[in-house]
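Peer 1: My questions are about this predicted structure, shown below with the sequence.
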Amino acid sequence: MTIADIRKTTQGKMEQSIAAFKNQLAKIRTGRANPGLLDTVQVEYYGQQVPISQVANVALLDARTISVQPWERDMAAKIEKAIRESDLGLNPASMGELIRVPMPPMSEERRREMTKLVRSEGENAKIAVRNLRRDANDAVKKLVKDKQASEDEQKRSEADVQKLTDKFIAEIDTLVEAKEKDVMEV
């Protein structure tokens, strides 16, 4: 493995960390409805636990309401029960074949708790990026130790990986700031 391979691999892993962080942020509730909120809710379907999106069409009716349209009529009651029993604090209402999931307004205290959660997730993402930086630098040090790279190449590589790390941490900070603003917006 060369220094270029190590850099490329590290950059790919850092991009994956950012994608995972964005996925985590999507699950954090804001005042507005988001169909992604129901991604974690599992429904029993012929003896298997599957995500709601595999048994129903999940969409937005308006800014504060998610609609769930089951593909099979007998699934409506199971989906409604699964949403109600999830830890999201949502209270679905069935209207014929359509299930409406209104988003309750969030209190100021709850919004502050959510911003703390956003910051915590951001810090976890930064830790993941920094761990990848450390792993890349360790891999380069091993190449130098095995006499497959020079110390000058090591210094250049460490500076390069640091620039990459700074770029991804700045992106995480931007995402955290945007999500906090979104959560605090009434």
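Peer 2: Perfect, thanks for sending it. Numbering: from 1, shown residues only.

Peer 1: Leaving out the residues flanking it, which one is nearest to residue 99?
Peer 2: Excluding its sequence neighbours, the residue lying closest to residue 99 (C-beta to C-beta, 6 or more residues apart in numbering) is residue 68, at 4.2 Å. All C-beta spots, glycine's among them, are computed from the backbone N, C-alpha and C.

Peer 1: Give me the next element, helix or strand, following the lengthiest helix in the chain.
Peer 2: Using DSSP state H, we find that the single longest helix of the chain is helix 108-145. Following helix 108-145 in sequence order, the next helix or strand is helix 151-184 (DSSP states H and E).

Peer 1: Please state the offset of that following helix from the chain centre?
Peer 2: How far helix 151-184 lies from its chain's middle: 17 Å, per C-alpha atoms, centre = their mean, to the nearest Å.

Peer 1: Quick check: buried residues in that helix?
Peer 2: By 16 or more other C-beta atoms under 10 Å, the buried positions in helix 151-184 come out as 154, 157, 160-161, 164-165, 168-169, 171-172, 175-176, 179-180, 182-183.

Peer 1: The residue nearest to residue 99 contacts residue 52, correct?
Peer 2: Yes - applying C-beta atoms under 8 Å as the test, residue 68 and residue 52 come out as touching, 6.5 Å apart.

Peer 1: Which one's more surrounded, the two?
Peer 2: Neighbours around residue 68 and residue 52, counted as other C-beta atoms under 10 Å, are more numerous at residue 68. The numbers are 28 against 25.

Peer 1: So the more buried one versus residue 92, what's the distance?
Peer 2: Applying C-beta to C-beta, to the nearest Å, the value for residue 68 to residue 92 is 7 Å.

Peer 1: Now list whatever residues contact both of those two.
Peer 2: Common neighbours of residue 68 and residue 92, using C-beta atoms under 8 Å, 6 or more residues apart in numbering, are 79, 83, 99-101.
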